[in-house]
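> Sequence and predicted structure below; questions after.
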Amino acid sequence: MPPMDNHVQIARKIRSVESVKIQMMQQLTDVFRSIQSGNDRDMAESIGGLVGLAYYLGRQLGLDLATVDVQAQNAWISSLRGQEVDPADIEFVQEYLRSLR
């Protein structure tokens with residue numbers, strides 16, 4: 001493959017990643033709006049969209065999605081350090097994520 005084609009592919013990948021980052025911010029805004037509205041369907045849809053975009057971004061960055069799954073099962077808990085949390089809810093989410101394997 002000629003060097004110019006390589007540069008074009010890299011530029012396209014960068015644009016794609018930047019676009020997904022913007023879409024994720026927009027989706028996060030939708031999550032907050034849906035929480036404010038209290039509509040369960042809208043909340044599930046917007047959170048699902050955010051999760052899907054996160055997986056897509058991982059793919060665009062060349063990550064193994066199975067590795068992302070493992071991190072989803074573990075790493076999210078560290079985000080809650082110092083917060084008041086319900087241990088039963090944490091255990092429920094962990095069990096749910098493990099069941100997806």
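It's in.
> May I have the residues that are in contact with residue 95?
With contact set as C-beta atoms under 8 Å, 6 or more residues apart in numbering, residue 95 has no partners. Yep, even glycine has a C-beta here, placed from its N, CA and C like the rest.
> unless I'm mixing things up, residue 56 is touching residue 19, no?
No - if you go by C-beta atoms under 8 Å, residue 56 and residue 19 don't touch, sitting 10.4 Å apart.
> Roughly how far does the residue nearest to the spatial centre of the chain sit from residue 10?
By C-alpha atoms, centre = their mean, the chain has its centre lying nearest to residue 54, at 2.7 Å. Residue 54 sits at a distance of 22 Å from residue 10 (criterion: C-beta to C-beta, to the nearest Å).
> was I right about residue 30 contacting residue 49?
Yes - Residue 30 is within contact range of residue 49, at 7.0 Å (criterion: C-beta under 8 Å).
> Domains in this protein, by residue range?
1-63, 64-101 (automatic domain parsing).
> Could you tell me the least trusted of these?
For the domains of the chain, mean pLDDT drops lowest on domain 64-101, to a mean of 89.
> Please spell out which residues along stretch 76-91 are buried.
Of the residues in stretch 76-91, none count as buried by neighbour count, 16 or more other C-beta atoms under 10 Å.
> so how far is it off the chain centroid?
Stretch 76-91 has its C-alpha centroid displaced from the chain centroid by 18 Å (C-alpha atoms, centre = their mean, to the nearest Å).
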